[in-house]
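Undergrad: What shape does this take:
(one chain, ligands or ions: 1)
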Amino acid sequence: MKKADIRGKWALVTGASRGIGRQVCMGLAQYGCNLVLHSRDAANTKSLAAELTAKGVQVRQVAGELSDQNQVDAMLTNVLSAGTGIDILYNNAAVMTTFRNDWQNVPAVLDKTELTQLDKEVFKNYAAQTCSGYCAGCANICDAAVAGVSNISDVMRSLMYHNSYGDNQLARQTFAEIPADVRARLLTADYRFAEQRCPQRMPIARLVREAVEKLARQT
Ligand code: SF4
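TA: Model prediction:
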């Protein structure tokens with residue numbers, strides 16, 4: 001299989017500050033790829049940006065909370081306003097599900113340096129398709145679908161902080177802020193109706209269990 005030449009291309013890596021996201025950035029940089037580093041707070045990618053810049057890589061930093069559609073839109077506008085285009089998207093930051101298909105998290109290489117309007121639409125659609133791994137500001141849907149549990153999006157957000165941002169402190173804090181009586185019902189609630197209505201097709205019951213296992217004992 002012919003390998004793509006990514007020298008001089010621009011890659012947007014979400015959740016770039018640590019873990020897999022950071023390693024992906026280092027790997028792409030090795031092949032001469034320029035990088036747009038995403039994190040929840042630009043301060044989180046400051047040291048990585050300095051390290052990559054010292055290697056001669058062109059770097060930009062962007063910030064945004066991926067569970068907030070407005071922040072995602074603003075971030076994409078910021079990214080595209082640079083005029084360099086985005087050739088590769090590595091959508092690392094998300095509440096990863098086991099149901100993702102490989103193509104959903106594989107870098108999408110486009111042999112272009114400028115994005116046309118059509119490219120932007122494709123990019124937007126791609127983002128919409130790949131966002132099945134995180135919530136999209138529609139808490140009113142799931143919260144209304146589960147009796148006695150009205151904080152599902154908070155559970156998802158705390159798990160995203162833990163799994164994708166690696167920010168255990170914020171994850172624990174967010175989880176702990178869920179009222180104690182709601183937390184006590186998390187493992188016994190019926191999430192089937194919520195899963196049916198969830199536009200992102202989130203495996204809510206499994207993710208809630210995962211959040212409880214990872215975060216409840218630490219609060
Ligand atoms: S409906 Fe689904 S995507 Fe929306 S907040 Fe609830 S779990 Fe997340």
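
Undergrad: can you give me the strands for this protein?
TA: 10-13, 34-39, 59-63, 88-90 (DSSP state E).

Undergrad: Quick one: those strands as CSV, columns for mean pLDDT, distance to the ligand and mean neighbour count too.
TA: Using the backbone N, CA and C atoms, a C-beta is placed for each residue, glycine as well. As requested, the strands of the chain are arranged in CSV below (pLDDT from 0 to 100; distance: least, Cβ to the nearest ligand atom, whole Å; neighbours: other Cβ atoms under 10 Å):
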stretch, mean pLDDT, distance to the ligand, mean neighbour count
strand 10-13, 93, 22, 24
strand 34-39, 94, 20, 25
strand 59-63, 94, 21, 18
strand 88-90, 88, 20, 22
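
Undergrad: Can you name the residues of this structure that neighbour the ligand?
TA: By Cβ under 6 Å from any ligand atom, the part of the chain that sits against the ligand consists of 135-136, 138-139, 141-142, 152-153, 156, 198, 200, 202, 204.

Undergrad: If any of those residues are buried, give me the PyMOL selection for them.
TA: Filtering the residues of the chain next to the ligand down to the buried ones (16 or more other Cβ atoms under 10 Å) takes a single PyMOL command:
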select buried, resi 135+136+139+141+142+152+153+156+198+200+202+204
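
Undergrad: Please flag which of the residues of the chain next to the ligand sit within helices.
TA: Judged by DSSP state H, helices contain the following of those: Ala139, Ile141, Cys142, Ile152, Ser153, Met156, Ile204.

Undergrad: Does the fifth one touch Asp68 like I think?
TA: Spelled out, it's Ser153. No. Assessed by Cβ atoms under 8 Å, Ser153 is found out of contact with Asp68, at 10.7 Å.

Undergrad: and the gap between Ala57 and the ligand?
TA: For residue 57 the amino acid is Val, not Ala. To the ligand, Val57 is 34 Å away according to Cβ to the nearest ligand atom, to the nearest Å.

Undergrad: same deal with Lys46?
TA: For Lys46, the distance to the ligand - Cβ to the nearest ligand atom - is 30 Å.

Undergrad: In contact with Ser158, which residues are there?
TA: Residues in contact with Ser158 (Cβ atoms under 8 Å, 6 or more residues apart in numbering) are Leu170, Ala171, Arg172, Thr174, Phe175, Ile178, Ala211, Leu215.

Undergrad: let's see 6 Å
TA: Ala171, Thr174, Phe175, Ala211, Leu215 (Cβ atoms under 6 Å, 6 or more residues apart in numbering).

Undergrad: hang on, the earlier thing: now the ones in helices among the residues of the chain next to the ligand in TSV, with pLDDT?
TA: Shown next, in TSV, are these (pLDDT from 0 to 100):
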residue	pLDDT
Ala139	81
Ile141	87
Cys142	88
Ile152	91
Ser153	87
Met156	89
Ile204	93
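
Undergrad: Between those residues, which sits nearest Asp5?
TA: Using Cβ to Cβ, Met156 comes nearest to Asp5 of these, at 38.1 Å.

Undergrad: Many thanks, we can stop here.
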